[in-house]
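Colleague: here's a sequence, model it:
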Amino acid sequence: MSVHAPAPQLAPARTAPATPATFHPKRPTVLSYGLGADSTAILLMFLADPAAHGLEPDLSDLIVVHAITGDEFVDSLDYVNRLVLPLLRARSVRLVQVCRGGKSDTNGVLVLDDSRTPCRIHAAGPWRLSDELRAAGTVPQLANGQRRCSIRFKGWVLDSWAAAEFGARTFRRVIGYHADELGRAEKDTTIRRRLNTEAGGPSATRSAPPPGPKTRPDHGKCGRELIQNHLK
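Modeller: Just a heads-up that it's a prediction; the model follows:
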């Protein structure tokens, strides 16, 4: 004997409540953290005075992302583990550690840690920068201003993670550059501005115009002094 299921009943359509015109969700801020003096100095400034840098007082909108190359200096890992991670844990700042999943881009990226209480910086993932250099029989390439190692082990990894994390949502990306890398910073800003424009998002901007040659400070020295003063 066949049984006929009753025809489905459609629920009456409901109109979603209107979003107040004054509501503007705040963009998260993503700091690309390379463990060096420049990005560490920026991180310490964010921790010391979040509001001055457009962040929530509790730093809930800050995400620190570290792209693992697998060949960081042991001293750098030790300093960050001992001196920086305790500061992130104390403020419950989110730290994401990502790396290449393998030699091919089809291997994707791996998230080795995503925590507001990070215990350590991972030293390496399954495919290190040194593995790639040995397989290719070459050395880090800086020809014509192109940092191919940075592109494959940092830029591509960070962009892939951001695409999966945010999708079409907008976010603010912060990258630290040395004062001698203004050309590199301008190039990156130009690329980001073009990509943002194509995506219909806000334009990329620098935090400040480059100072003149006679008054240009040694930002690397400033960064080191800030770190030393913070840790006294």
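
Colleague: switch to C-alpha atoms for all contacts and neighbour counts from now on
Modeller: Noted.

Colleague: ok, which stretches of this protein are helices?
Modeller: Assigned by DSSP state H, the chain shows helices spanning 37-48, 74-79, 85-91, 129-136, 148-150, 156-166, 182-199, 219-231.

Colleague: export those to a markdown table and append columns for distance to C99 and mean pLDDT.
Modeller: Listed next are the helices of the chain as a markdown table, based on distance: least, CA to CA, whole Å; pLDDT from 0 to 100:
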| stretch | distance to C99 | mean pLDDT |
| --- | --- | --- |
| helix 37-48 | 18 | 95 |
| helix 74-79 | 16 | 96 |
| helix 85-91 | 19 | 98 |
| helix 129-136 | 10 | 89 |
| helix 148-150 | 12 | 64 |
| helix 156-166 | 6 | 95 |
| helix 182-199 | 21 | 70 |
| helix 219-231 | 26 | 55 |
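
Colleague: kindly reformat those helices as CSV containing mean neighbour count and distance to R173.
Modeller: As requested, the helices of the chain are arranged in CSV below (neighbours: other CA atoms under 10 Å; distance: least, CA to CA, whole Å):
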stretch, mean neighbour count, distance to R173
helix 37-48, 20, 12
helix 74-79, 12, 23
helix 85-91, 16, 18
helix 129-136, 14, 24
helix 148-150, 17, 16
helix 156-166, 16, 10
helix 182-199, 14, 10
helix 219-231, 15, 19
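
Colleague: distance to S104 added to those helices, as TSV?
Modeller: Below are those laid out as TSV (distance: least, CA to CA, whole Å):
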stretch	distance to S104
helix 37-48	28
helix 74-79	26
helix 85-91	31
helix 129-136	10
helix 148-150	14
helix 156-166	12
helix 182-199	24
helix 219-231	35
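
Colleague: now D113: closest residue in space that isn't a chain neighbour?
Modeller: Residue nearest to D113 in three dimensions, not counting chain neighbours: Q97, with 5.2 Å by CA to CA, 6 or more residues apart in numbering.

Colleague: pull up the gap between that neighbour and V111, please.
Modeller: Distance from Q97 to V111, counting by CA to CA, to the nearest Å: 6 Å.

Colleague: neighbour-wise, which of the two wins?
Modeller: Q97 (22 against 15; other CA atoms under 10 Å).

Colleague: do I have it right that that one meets T69?
Modeller: No. Using CA atoms under 8 Å as the test, Q97 is too far from T69 to be in contact (10.6 Å).

Colleague: identify the residue spatially nearest to G36, adjacent ones excluded.
Modeller: Closest to G36 by CA to CA, 6+ apart is S76, at 7.4 Å.

Colleague: looking at it, that neighbour is touching A37, isn't it?
Modeller: No. Judged on CA under 8 Å, S76 makes no contact with A37 at a distance of 9.7 Å.

Colleague: leaving out sequence neighbours, find the closest residue to L43.
Modeller: Spatial nearest neighbour of L43, excluding adjacent residues (CA to CA, 6+ apart): L31 at 7.8 Å.

Colleague: I175 now?
Modeller: Per CA to CA, 6+ apart, closest to I175 is S32, 5.5 Å.

Colleague: bridging residues for the one you found?
Modeller: Taking DSSP bridges as the rule, S32 bridges to V65, I175.

Colleague: for it, give its distance to L129.
Modeller: Relative to L129, S32 is positioned 18 Å away (CA to CA).

Colleague: over to H178?
Modeller: Computed as CA to CA, the H178 to L129 distance reads 23 Å.

Colleague: look up how far F153 lies from D38.
Modeller: Per CA to CA, D38 is found 19 Å from F153.
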